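Engineer: mind folding the following:
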Amino acid sequence: MFRLQQTRSIFLLAKAGPIYTKTVNVPQLKQAFRPFNVTFTKILSNGSRSPLTRINTCAPFQRTFISNSNSRSITRKDKEDQEPVITTIKKELKEDIYTIPNILTFGRLLAAPAVGYLILQQSYNEALGLFALAGFTDMLDGYIARKYNMKTLLGTIIDPLADKVLMTVMTVTLAMEGTLPVPLAAVILGRDVGLILSGFYYRYISLAEPKTLSRYFDVSIPSAEVKPTQISKINTALQLLLMGLSLTSVSMELPSPEVLHAFQWIVGGTTIWSGASYIFTKDAVRILKR
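Structural biologist: Residues are numbered from 1 along each chain as shown. Okay, the predicted model is just below:
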C-alpha cells in the first residue's frame, strides 16, 4: 500500500503504514506522473478496480517525482473541489489472548475465592495446598511466556492482577480470622485500591477514539502497558510469603509469633515503598502509540 504527499510542486510516493490521510488533486497528479506512464486506478473494497483515482503501478517503495514547471499551485478552491485519492484507513491493534500463560493466569484468578472460602471454613491445610498450587502456576506461566515467546500485553496486566486478587482475598479472610493484624491489612488493601483506580484512569486516557464501554472493556485492544517496578515485584513476593506463613502459623504452628510479627512489619514497609514507586517512576506505565 502507498500514500501520496504533496510539498509545493513535488509529489512523494512512499511506502505507508496502517494510516493514510493525504488527499491530492487528481489533475495535478496526472500531470506529475505523465512522464512515467503511471496507471491511475481505484481499488474497490471488493478487489475490483476503476480508473482515475488511485495509483496502481510503481515498483519502488520510495521514489520522488517532480511535476512539470507549468503546474499551478493548489488554491483553497481547488482543495475544496479536489477528488479524494486515498481515504483514511485505521487498523485496530489486536492480539491473541488465548495463550497457555494467560489460561494459567485465569486459573489462578479462579483459585483465589476458593482459597478464601477454605480459610473461612478453617480448612487451613487445604487452603495452604491450593495456595501453593497457585504459586506454582505463577512461576510456570512466566516460564512458558518467556521460553516460547507467548508474552502478551494482556498478560502484563492480568498476571499481577491475579496475584493481587489472591492477595486481597487472603488478606481479608486472614484478617477476619484474626491471623493478620487489621492495620497491616488496611495498608495492603489501600495500596491495591489506589493502583486499581490508577489503572482505570490510564486505560481511559490511552484508549483511542471512539471511547465506548465495549471498547474500554475489550481486553484484546491494548492501549497501555504496565511495567511493575523492582520494589513492587519484591513486595509482591514478600506479601505472598507472609500469606503462606500466616497459614502455616495456624496449621503447623510455624513460624513463631515473634518471627511472624517482625515479618509483618517488613511487609508493611515494602508495601508503602512499592506504592510510592509507581508515583515517582516515569516508565511504570507506558501508553501505546495510537
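Engineer: mind giving me the domain split of the chain?
Structural biologist: 2-81, 100-287 (automatic domain parsing).
Engineer: could you find the closest non-adjacent residue to residue 215?
Structural biologist: residue 221 (6.0 Å; C-beta to C-beta, 6 or more residues apart in numbering). Yep, even glycine has a C-beta here, placed from its N, CA and C like the rest.
Engineer: what about that neighbour, neighbour count?
Structural biologist: Number of residues near residue 221 (other C-beta atoms under 10 Å) recorded here: 17.
Engineer: that one: what secondary structure?
Structural biologist: coil (DSSP: H, G, I helix; E, B strand; the rest coil).
Engineer: what do you get for residue 248?
Structural biologist: Residue 248 - assigned by three-state DSSP - is helix.
Engineer: how near is it to residue 231?
Structural biologist: Separation of residue 248 from residue 231 (C-beta to C-beta, to the nearest Å) stands at 25 Å.
Engineer: please apply the same query to residue 243.
Structural biologist: Taking C-beta to C-beta as the measure, residue 243 falls 19 Å from residue 231.
Engineer: higher neighbour count, those two?
Structural biologist: residue 243 (27 against 17).
Engineer: before we move on, back to that, mean pLDDT lowest for which of the domains of the chain?
Structural biologist: Per-stretch mean pLDDT for those is lowest at domain 2-81 (a mean of 44).
Engineer: the strands in this structure, which residues?
Structural biologist: Ranges of strands within the chain are 2-7, 10-15, 40-43, 49-55, 62-66, 224-226, 285-287, based on DSSP state E.
Engineer: highest average neighbour count across the domains of the chain?
Structural biologist: Neighbour counts (mean count of other C-beta atoms under 10 Å) averaged over each of the domains of the chain peak at domain 100-287, with a mean of 16.
Engineer: start and end of that one, how far apart?
Structural biologist: Here the two ends of domain 100-287 are set 26 Å apart, with distance taken as C-alpha to C-alpha, to the nearest Å.
Engineer: begin at 586, not 1, for the rest of this chat.
Structural biologist: Will do, 586 is the new start, and the previous item becomes domain 685-872.
Engineer: so residue 871 makes contact with residue 807?
Structural biologist: No. The criterion here is C-beta atoms under 8 Å, and residue 871 misses it with residue 807 at 10.6 Å.
Engineer: and residue 780, how far is that from residue 765?
Structural biologist: Plainly put, residue 780 is 20 Å away from residue 765 if you go by C-beta to C-beta.
Engineer: and residue 837, by the same measure?
Structural biologist: In terms of C-beta to C-beta, residue 837 sits 17 Å off from residue 765.
Engineer: with residue 867 instead?
Structural biologist: Residue 867 is 34 Å from residue 765, by C-beta to C-beta.
Engineer: OK, contacts around the closest residue in space to residue 722 that isn't next to it in sequence?
Structural biologist: Of all residues not flanking residue 722 in the chain, residue 689 sits nearest, at 4.8 Å (C-beta to C-beta, 6+ apart). Contacts for residue 689 (C-beta atoms under 8 Å, 6 or more residues apart in numbering) come out as 722, 725-726, 729.
Engineer: what does residue 755 give?
Structural biologist: 697, 700-701, 704, 716, 828, 831.
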